[in-house]
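Asker: could you look at this predicted model? Sequence included:
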2 protein chains.
Amino acid sequence: MTDRRPDPVQPADDAARRLARDLLGAARHAALSFTDPDTGTPGISRIAFGLDPDGCPLTLVSGLALHRRALETHPLAAVMVGEPGEKGDPLTHPRLMLRVAAEPVSRDAPEHLALRQKWLADHPKAQLYIDFPDFIFVRLRPIAALLNGGFASAYRLVPADLM
Amino acid sequence: MTDRRPDPVQPADDAARRLARDLLGAARHAALSFTDPDTGTPGISRIAFGLDPDGCPLTLVSGLALHRRALETHPLAAVMVGEPGEKGDPLTHPRLMLRVAAEPVSRDAPEHLALRQKWLADHPKAQLYIDFPDFIFVRLRPIAALLNGGFASAYRLVPADLM
């Protein structure tokens, strides 16, 4: 059955790369798809989202979050950014889906200060909790991406297209 | 390490049940977490979202969507509804995460007409494609749910709390 379905996804062009980078740069939160460590089945959370100084996707996560423990157990995950506006069909608004590998960043890492600075510039309200001892940064290193620009407009991207 | 973390999730109370139902009733799209059929790792998509006449979560999906094939292969999935507003910290806005089992609804099913009617009442723009031959309804039957009302306010719900 699968074989009869056409592949509606095109390779990325410059406009697709630009739109993908715009979506990543503008996002302050994202939806995270992960493997639930208790059931082994899909789980989902809203996460804080930003970019590190090199443009790599990043989240700041509490030790209490279910997805924190999930990413420790199963680092492969997926992220979606790109919010629908208030008007129109939400499925016509562009969104970017990334397959990622989660990499926790130790507070002792040499780059931690730079990540903290960039994060606070983009998320000023995080000042309230960024230094709580159970909060850590986790890089969400892209493996592959799909840009959906609305019905019948989907593009496959590689990590170099995004950063 | 995991064992030292407190469980921040409380059992549902009436206010939590009401908020969960409000989020479900208002949602016209959702984020879907699924198992990618090609890689076996987490995938994510934006989906159209509504409720059937009994209040069971429902999506309308094209045969071209990656998650259509994913749900055929791995019916266990997760869904998140509850959009952050334009203002304030997006992580303080309430959202509901559901673990679900996907059940495709045949066009020949006796309830198909009622689903179609309810869907069009809630999603008038779907008139444009609802009758395309590759579009089908898929019920997303809740198994368990987590309501996150913002920092330090999370509730565990069962299917009876939602419908």
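Answerer: Yep, that arrived. Numbering: from 1, shown residues only, chains lettered A, B, ... in the order given.

Asker: show me the strands in chain A, by range?
Answerer: A:9-11, A:29-35, A:42-48, A:50-51, A:57-61, A:76-81, A:95-105, A:136-148, A:154-157 (DSSP state E).

Asker: highest mean neighbour count out of these?
Answerer: strand A:29-35 (a mean of 27; mean count of other Cβ atoms under 10 Å in any protein chain shown). C-beta here means a position set from N, CA and C on the backbone, and glycine is covered the same way.

Asker: hmm, who's touching that one?
Answerer: The contact list for strand A:29-35 (Cβ atoms under 8 Å, 6 or more residues apart in numbering or on different chains) reads A:41-49, A:57, A:59, A:67, A:70-71, A:73-74, A:76-81, B:31, B:33-34, B:41-44, B:78, B:80, B:84, B:90-91.

Asker: list the contacts for the residue most central in space within chain A?
Answerer: Central residue of chain A (Cα atoms, centre = their mean): residue A:79, 3.9 Å from the mean position. Neighbouring residues of residue A:79 by Cβ under 8 Å, 6+ apart: A:30-33, A:47, A:49, A:57, A:97-98, A:100, A:140, B:44.

Asker: hmm, residue A:44 is touching residue B:82, no?
Answerer: No. Counting by Cβ atoms under 8 Å, residue B:82 is not a contact partner of residue A:44; they are 11.4 Å apart.

Asker: about what we covered before: JSON lines for the strands of chain A, including mean pLDDT?
Answerer: Supplementary listing: the strands of chain A in JSON lines, determined by pLDDT from 0 to 100:
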{"stretch": "strand A:9-11", "mean pLDDT": "89"}
{"stretch": "strand A:29-35", "mean pLDDT": "97"}
{"stretch": "strand A:42-48", "mean pLDDT": "97"}
{"stretch": "strand A:50-51", "mean pLDDT": "98"}
{"stretch": "strand A:57-61", "mean pLDDT": "97"}
{"stretch": "strand A:76-81", "mean pLDDT": "98"}
{"stretch": "strand A:95-105", "mean pLDDT": "97"}
{"stretch": "strand A:136-148", "mean pLDDT": "97"}
{"stretch": "strand A:154-157", "mean pLDDT": "94"}
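
Asker: tell me which of these sits nearest to residue B:146.
Answerer: strand A:42-48 (8.8 Å; Cβ to Cβ).

Asker: now do that closest one against strand B:95-105, angle only.
Answerer: Interaxial angle of strand A:42-48 relative to strand B:95-105 (axes from the mean of the first three to the mean of the last three Cα atoms, to 10 degrees): 150 degrees.

Asker: would you mind pulling up the elements that strand A:42-48 packs against?
Answerer: Other helices and strands packing on strand A:42-48, by 3 or more Cβ pairs under 8 Å, 6 or more residues apart in numbering or on different chains; DSSP states H and E, are strand A:29-35, strand A:57-61, helix A:66-73, strand B:29-35, strand B:76-81, strand B:95-105.

Asker: output that strand as CSV, nothing but the C-alphas.
Answerer: Extracted C-alpha coordinates of strand A:42-48, given in CSV (Å, rounded to 0.1, in the frame of the first residue of the first chain):
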residue,chain,number,x,y,z
PRO,A,42,5.7,8.3,21.9
GLY,A,43,5.5,11.2,24.3
ILE,A,44,5.2,14.9,23.7
SER,A,45,6.0,18.1,25.6
ARG,A,46,6.2,21.8,25.1
ILE,A,47,9.8,23.0,25.6
ALA,A,48,11.6,26.3,25.7
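
Asker: output the lengthiest helix in chain A as CSV, nothing but the C-alphas.
Answerer: Looking across chain A with DSSP state H, the single longest helix is helix A:14-26. The C-alpha trace of helix A:14-26 is given here as CSV (Å, rounded to 0.1, in the frame of the first residue of the first chain):
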residue,chain,number,x,y,z
ASP,A,14,17.2,28.7,-1.2
ALA,A,15,13.7,29.9,-0.3
ALA,A,16,13.1,26.8,1.7
ARG,A,17,16.4,27.1,3.5
ARG,A,18,15.7,30.8,4.3
LEU,A,19,12.2,30.0,5.7
ALA,A,20,13.6,27.1,7.8
ARG,A,21,16.2,29.4,9.3
ASP,A,22,13.7,32.1,9.9
LEU,A,23,11.4,29.7,11.8
LEU,A,24,14.3,28.4,13.9
GLY,A,25,15.5,31.9,14.7
ALA,A,26,12.1,33.2,15.7
